[in-house]
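Undergrad: just to be clear, the model below is a prediction. Sequence and coordinates:
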Amino acid sequence: MNAPLQPPAAAPVPPPEAWKQDEAALLTMLEEIERKHGYIPHQIGDEISRLLEVKLERLKRIQGKLEGGVRRDVQAHVARWRGEEGNLIMILHAIQNQYGYVPRDVAMELSRELGVRLARIYEVITFYHYFKLQPPGKHNITVCNGTACYLKGAAGLLNELRSQLGVGEGQTTPDREFHVEVVRCIGCCGMSPAVVCDGKTHGRVKPISIAGLIAGVRAVAAAKEAKP
Ligand code: FES
């Protein structure tokens, strides 16, 4: 289990006070312009209206999307587990099974549907290693960092993966080809350090072997695609 009980730092939702600050900053700016010119020039007024319209349009599109798909899905999951003890975790499992991870807009809709703070939902998601916040990669590379593998150099394997793929624990390459995961003991301590590539376990892996493992995954994928 992961220790931190914090919502993720990425893409935080600004608190209502921040929106009010934005609004106040805009009003202050307009007042300053008015003081300087004695009026608000048309170009500035028009530009602000245009920006607000764009934002409103975007908001409507997001809401429309939620109504169309995400809201229906979330309502179905909530209805299935409503009233059951520990239902938040069960619903998050159902969401992850459906999407492969817990998308932010789905978490937000779940927060509204259950009446649970979004921060609380992220506390649960980040507490359990199982839940993912990013879409899964096409290929999964899992590095064991249980005691035996840790002692035999799992950290070196992770470093090598980072230099080969540019991503570390819990991250997916920008092209979504590879996802790197770290787990605690996969039950093959006799062949530590162990790495699992797309379900295939490799034992006594050395940093120097990592490039070959990645190439192997790519080769298998290419061969599958080439099959008629
Ligand atoms: S600690 Fe890695 S397989 Fe057990």
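TA: Looks like it came in fine. Residues are numbered from 1 along each chain as shown.
Undergrad: domain assignment for the chain?
TA: Domain assignment for the chain by automatic domain parsing gives 16-127, 139-226.
Undergrad: any chance of the ones you listed in JSON lines, with mean pLDDT too?
TA: Converted to JSON lines, these look like this (pLDDT from 0 to 100):
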{"stretch": "domain 16-127", "mean pLDDT": "82"}
{"stretch": "domain 139-226", "mean pLDDT": "93"}
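Undergrad: would you mark the buried spots in stretch 152-166?
TA: Neighbour-count burial for stretch 152-166, counted by 16 or more other Cβ atoms under 10 Å, picks out K152, G153, A154, L157, L158, E160, L161, Q164, L165. All C-beta atoms are positioned from the backbone trio N, CA, C, and that covers glycine.
Undergrad: of the residues you listed, which is the nearest to I44?
TA: The closest of those to I44 turns out to be L165 (Cβ to Cβ; 47.4 Å).
Undergrad: tell me which residues touch that closest one, please.
TA: Contacts for L165 were tallied using Cβ atoms under 8 Å, 6 or more residues apart in numbering; they are T173, F178, V180, I214.
Undergrad: before we move on, back to that, which of the domains of the chain sits most buried?
TA: Highest mean neighbour count among these (mean count of other Cβ atoms under 10 Å): domain 139-226, with a mean of 16.
Undergrad: strands - which of the contacts of L165 land there?
TA: Among the contacts of L165, the members found in strands (DSSP state E) are F178, V180.
Undergrad: mind listing the strands for this protein?
TA: For the chain, the strands defined by DSSP E occupy 139-144, 178-183, 195-197, 200-202.
Undergrad: fine by me, thanks again.
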